[in-house]
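Student: okay, structure incoming, though there's no sequence with it:
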């Protein structure tokens, strides 16, 4: 395969599900974040492999009529769709979801807009770079992990979250902390508490125990994360002030989650989805929830069912779900720990009125998809953060299920991501 030039002109022909604009250099497809269909741009390669060539914009020669000014200079790193109006974002999300399901001949789904199009995220992960005493918050540049964008915060985050991140940065500057000692700073925000939880992951097991006292912080942790691993895993908690968890209200349910828990990024948008499900899921004897996390769906929907069974592979999430059930006085939810594909699913699903699945971006495990297709209950609800893998699973499920409702929910404004909900009934 011939090497790409250091810079070249590209005509953008369409958007792809990742949210990038795509054009061709000869016969080679090139993908560019921050570009729009119909644009003529000059780009430079930033990540090239046999399968995909990714490039960054050097100059926009001919702009799309859709293009607007971004709110931030670093938008490519966090939210590459800042360059179009929110109405256009919703339209493109509908189009891309429809393309993913094109082979099934489905009509374009409706989409529910987010309550807020900026300042909605309840979790952000920051890098810190610079000399001791001069640290800055930063993002990794997209596709260039060794390069950084210096930032004061992000317009996607709740304002208090940005304020707390800068508070911690200032405290680290006062202590003359070196960037090499820091792996990552994670700050989370609770809408219902209006407080933050912050966890600083460090590479130095002798890192100083820095106190940060502020009414906006529900908790503050310094965590040693073994530097031989690139991810932010907890090796040891070096320092803890306050709580190591937040509490969020989802529907009428109070849900506790910890500094390292998976939890919904946009609770107001999630509540829209929950209300939709409550209006379509009905009431009955038994609901089964696969990939149940900290119990968000299972507990929020429990009052309509005599019995709920929730299956989650992450043992810590199961423990948190058990605690959340106690906090809310919910006694009709049974929790099963372990990967869904390793459970006796036909037995678990037996006599179930409704099966709800909310898998990761990779979709259902093939074994789960096959069991659901062959032995699943009359009603199936499939919640997905990736319509492409959802469509792949639907290829298996459609032989036994008829699609009744398809609705999109925008949890992630300014990005190409969207939540897709399918409600189906068995033939």
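Tutor: Done, it's in. For clarity, every value in this text was computed on a predicted model and none was experimentally measured.

Student: need the pLDDT of residue 106.
Tutor: On pLDDT, residue 106 comes in at 89.

Student: for residue 158, see how far away residue 80 is.
Tutor: From residue 80 over to residue 158 the distance is 21 Å, taken as CB to CB, to the nearest Å. Where you see a C-beta, it was placed from the backbone N, CA and C, and this is true even at glycine.

Student: now for the chain, the helix or strand with the poorest mean pLDDT.
Tutor: Within the chain, no helix or strand scores below strand 144-151, which has a mean of 89 by mean pLDDT, DSSP states H and E.

Student: centre of the chain to it, how far?
Tutor: In terms of CA atoms, centre = their mean, to the nearest Å, the centre of strand 144-151 is found 21 Å from the chain centre.

Student: what lines up beside that strand in the sheet?
Tutor: Here strand 144-151 has these sheet partners by DSSP bridges: strand 136-141 (antiparallel).

Student: which parts of the stretch 151-300 of the chain are helices?
Tutor: Under the criterion DSSP state H, counting those that start in this stretch, the stretch 151-300 of the chain contains helices at 159-174, 267-281, 296-300.

Student: got the contact list for the most centrally placed residue in the chain?
Tutor: With distances taken as CA atoms, centre = their mean, the residue of the chain nearest its centroid is residue 265 (6.3 Å). Shown in contact with residue 265 (CB atoms under 8 Å, 6 or more residues apart in numbering): 120-123, 411-412.

Student: buried ones in the least confident helix or strand of the chain?
Tutor: 148-149, 151 (16 or more other CB atoms under 10 Å).

Student: repeat for stretch 168-182
Tutor: Buried, per 16+ other CB under 10 Å, within stretch 168-182: 168-169, 171-173, 177, 179, 181-182.

Student: low-confidence ranges in this protein?
Tutor: 1 (pLDDT under 70).

Student: strands along the stretch 201-350 of the chain, start to end?
Tutor: Applying DSSP state E, counting those that start in this stretch to the stretch 201-350 of the chain gives strands spanning 217-224, 236-242, 245-250, 253-258, 284-290, 305-312, 333-337.

Student: contacts for the shortest one next, please.
Tutor: Applying CB under 8 Å, 6+ apart, the external contacts of strand 333-337 come out as 292, 295, 298-299, 302, 307-315, 318, 321-322, 325, 343, 348.

Student: what do you get if the cut-off is 6 Å, keeping everything else the same?
Tutor: For strand 333-337, the surrounding residues in contact (CB atoms under 6 Å, 6 or more residues apart in numbering) are 298, 302, 308-311, 315, 318, 321-322, 325.

Student: who does it pair up with?
Tutor: strand 305-312 (parallel).

Student: between the partner strand and strand 284-290, how many degrees?
Tutor: 10 degrees (axes from the mean of the first three to the mean of the last three CA atoms, to 10 degrees).

Student: in strand 305-312, which residues are buried?
Tutor: Within strand 305-312, the residues scored as buried using 16+ other CB under 10 Å are 305, 307-312.

Student: ok, stretch 407-426 next?
Tutor: Neighbour counts using 16+ other CB under 10 Å place 407-424 of stretch 407-426 among the buried residues.

Student: sec struct for residue 396, please.
Tutor: For residue 396, the secondary structure call by DSSP: H, G, I helix; E, B strand; the rest coil comes out as helix.

Student: give me phi/psi at the residue nearest to it when sequence neighbours are not counted?
Tutor: Counting by CB to CB, 6 or more residues apart in numbering, residue 369 is the residue found nearest to residue 396 once chain neighbours are left out, at 4.7 Å. Here is the backbone geometry of residue 369 (degrees, to the nearest 10): phi -60, psi -40.

Student: surely residue 369 and residue 398 touch.
Tutor: No: using CB atoms under 6 Å as the test, residue 369 is too far from residue 398 to be in contact (11.1 Å).

Student: tell me which of the two has more neighbours.
Tutor: Using other CB atoms under 10 Å as the criterion, residue 369 and residue 398 rank with residue 369 on top: 22 against 16.

Student: and this structure, what are its domains?
Tutor: Using automatic domain parsing, the domain ranges for the chain come out as 8-67, 95-116+266-426, 123-248.

Student: between the ones you listed, which one is closest to residue 74.
Tutor: domain 123-248 (4.0 Å; CB to CB).

Student: that closest one spans what distance, first to last residue?
Tutor: End-to-end span of domain 123-248 (CA to CA, to the nearest Å): 13 Å.

Student: so which strand or helix has the closest residue in space to residue 6 that isn't next to it in sequence?
Tutor: Leaving aside its sequence neighbours, residue 6 sits nearest to residue 44 (CB to CB, 6+ apart; 6.2 Å). If you go by DSSP states H and E, residue 44 is part of strand 40-48.
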